[in-house]
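> coords please:
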Amino acid sequence: MPKYFLIYESEITEPMYFNGIIVNRKNNKCSENNIKLYVSNPCFEAWLLMHFEEFDNLDFDKLLENKRVNSNKKSRKYSDKMLSEIIGYDKSNLNFDMFVNKIDDAIKREKNYCENVEELKDKIGSNIGKNMRN
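Numbering: from 1, shown residues only. Below you'll find the model as predicted:
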């Protein structure tokens with residue numbers, strides 16, 4: 001049977017968005033359809049950051065807020081800025097080769113943070129690695 005995955009790409013800064021994910025999960029929409037739900041908080045970039053040892057030294061308050069680094073509407077958010085500083089990340093031209101050889105590192109690092117979808121609302125974490133292990 002084929003496997004399907006849903007990576008929810010929405011920065012969970014409003015409780016209603018996060019509650020929407022939980023409602024879908026509790027209603028078993030994903031599991032009924034053999035779909036694994038992957039979530040990272042505060043954003044997908046948190047999972048990307050977990051590929052690198054520098055993740056453990058980030059300012060987690062700033063990461064959880066993930067605000068723009070200056071008042072310019074086009075400025076990058078904290079997560080994008082950190083990825084750019086660590087690996088030269090460009091959101092508009094994502095090079096997955098930078099991450100492929102570090103997936104095992106990300107999976108190990110993720111275990112040190114929240115992996116429970118119901119608890120992710122106020123915590124840094126992801127369940128992408130957990131789902132990859134299963």
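> please make it C-alpha for all contacts and neighbour counts, starting now.
OK.
> so for Met98, what's the nearest residue that isn't a sequence neighbour?
Counting by C-alpha to C-alpha, 6 or more residues apart in numbering, the nearest residue to Met98 once its immediate chain neighbours are dropped is Ile87, at 7.8 Å.
> how close does the one you found get to Lys130?
Taking C-alpha to C-alpha, to the nearest Å as the measure, Ile87 falls 24 Å from Lys130.
> higher neighbour count, those two?
Each of Ile87 and Lys130 had its neighbours counted (other C-alpha atoms under 10 Å), and the higher figure belongs to Lys130 (15 against 12).
> residues contacting that one?
Lys130 makes contact with 107, 110-111, 115, according to C-alpha atoms under 8 Å, 6 or more residues apart in numbering.
> same list (those residues) but as a markdown table, adding pLDDT and distance to Cys30.
Written out in a markdown table, the entries for the contacts of Lys130 read as follows (pLDDT from 0 to 100; distance: C-alpha to C-alpha, whole Å):
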| residue | pLDDT | distance to Cys30 |
| --- | --- | --- |
| Ile107 | 96 | 22 |
| Glu110 | 97 | 22 |
| Lys111 | 96 | 23 |
| Glu115 | 91 | 17 |
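> what bridges to the residue nearest to Ile124 when sequence neighbours are not counted?
For Ile124, the nearest residue in space outside its immediate sequence neighbours is Asn41; the separation is 5.5 Å by C-alpha to C-alpha, 6+ apart. Here Asn41 sits in beta bridges with Gly125, as judged by DSSP bridges.
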